[in-house]
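# Below is the sequence, then the predicted model.
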Amino acid sequence: MFTSGAKHSARLQVYRNKHQSIKSPKRGICFATMTGPSLLDIAIKNVHTTSLGVLETCGNMAQNLGVHRLSLSRPPTALEAIPLDGKVCVVTGGNAGIGLATAEALANRGAHVVLACRSKARGMAAAQALEQRCAPMPGCGTPRVEFMEVDLASLTSVRSFCKAFNARNLPLHLLVANGGVMSPATRSQTEDGLETQFQVNFLSHWLMVHLLLAEQRERRSRQWRKSQQQQQQQKQEQLRQEAENRQIEQQQEQAQQQQQQQELRRQ
Ligand SMILES: NC(=O)c1ccc[n+]([C@@H]2O[C@H](COP(=O)([O-])OP(=O)(O)OC[C@H]3O[C@@H](n4cnc5c(N)ncnc54)[C@H](OP(=O)(O)O)[C@@H]3O)[C@@H](O)[C@H]2O)c1
């Protein structure tokens, strides 16, 4: 399940424009929620219900569900309180703003949250702060929050991040593609010669999704092949055992028959 911070944020901006009193996400508000399921509702629900391979932004899902309007933060619904214990969630740009608020919401549900950030100092500080201040919701376990380095303005860095993440053999349940820059004042290029906002907000996430998803799919198919092999071996072992049992039974029957014949002859 992959979510798009940009669409989420666009809705937040719409909300901010309408309600000037809303606090900045940096100053404590979790995230704008929509009437009906919020983007996080949908993401969390899908962590539990979809198999890997769904590549759809939350914004699209929200549209599919006909969810458009925004509402104030409200007490968590039953859906939001679904425990995410053992679920691995990567949040790009998770050290600030909406990414940080999202990471906190996931941590409060007991998830293993990976803050994928460009600055080691800011990322580690955010991970430590989140672990200290998070308050697990009822029924949710203790979260784990950690930092991993990625600079979305560098395709090499994105590849290194994916390689490092894949090497850890972790499952991936949720990727929040949040990190980004918003309309820089001047046009700039990344080290890859691409326009910065295009690469940071879109292209790097696209590459990340493909590299992470490819590994997760490969791992799943390896697991599937392994379980098929094990099933076959178990079946063969069962057949061998059954054949052995039949042979023993036959031998016992033959021995009984021989005994009966001998007794008959004696009589
Ligand atoms: N807030 C809005 O009203 C709004 C509206 C429309 C779209 N959006 C989009 O929603 C997302 C989050 O918005 P926000 O308000 O939370 O933004 P924010 O407070 O500026 O946070 C952006 C996050 O992205 C990270 N980031 C920026 N460039 C990066 C790079 N090259 N590599 C890795 N991480 C990088 C930042 O890291 P550093 O801390 O290291 O800079 C920060 O953690 C962004 O994609 C933004 O474009 C927001």
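Yep, that arrived.
# Look up the closest residue to residue 115, ignoring the ones flanking it.
In this structure, residue 115 finds its nearest non-sequential neighbour in residue 94, 3.6 Å apart by C-beta to C-beta, 6 or more residues apart in numbering. For the C-beta atoms, the positions are set from N, CA and C on the backbone; glycine is no exception.
# so what pLDDT did the one you found get?
If you check residue 94, the pLDDT there is 97.
# What is the burial count for it?
By the criterion of other C-beta atoms under 10 Å, residue 94 has 34 neighbours.
# Which phi and psi values does it adopt?
Main-chain torsions, residue 94, degrees, to the nearest 10: phi -80, psi 10.
# mind checking how far it is from the ligand?
Using C-beta to the nearest ligand atom, to the nearest Å, we find residue 94 at a distance of 7 Å from the ligand.
# Touching, that residue and residue 119? I think so.
No - look at residue 94 against residue 119 with C-beta atoms under 8 Å: they stay out of range, at 11.5 Å.
# tell me the secondary structure for residue 147?
With DSSP: H, G, I helix; E, B strand; the rest coil as the basis, residue 147 sits in strand.
# List the contacts of the residue nearest to residue 115.
100, 102-103, 113-117, 123, 126, 176, 178-179 (C-beta atoms under 8 Å, 6 or more residues apart in numbering).
# filter these down to the ones close to the ligand.
117, 178, 179 (C-beta under 6 Å from any ligand atom).
# ok, of the residues you listed, which one's closest to the ligand?
Comparing the ones next to the ligand among the contacts of residue 94 against the ligand with C-beta to the nearest ligand atom places residue 179 closest, at 3.5 Å.
# which non-adjacent residue is nearest the closest one?
Once flanking residues are discounted, residue 179 sits nearest to residue 93: 2.6 Å by C-beta to C-beta, 6+ apart.
# If anything else comes up later, I'll come back, but that's it for now.
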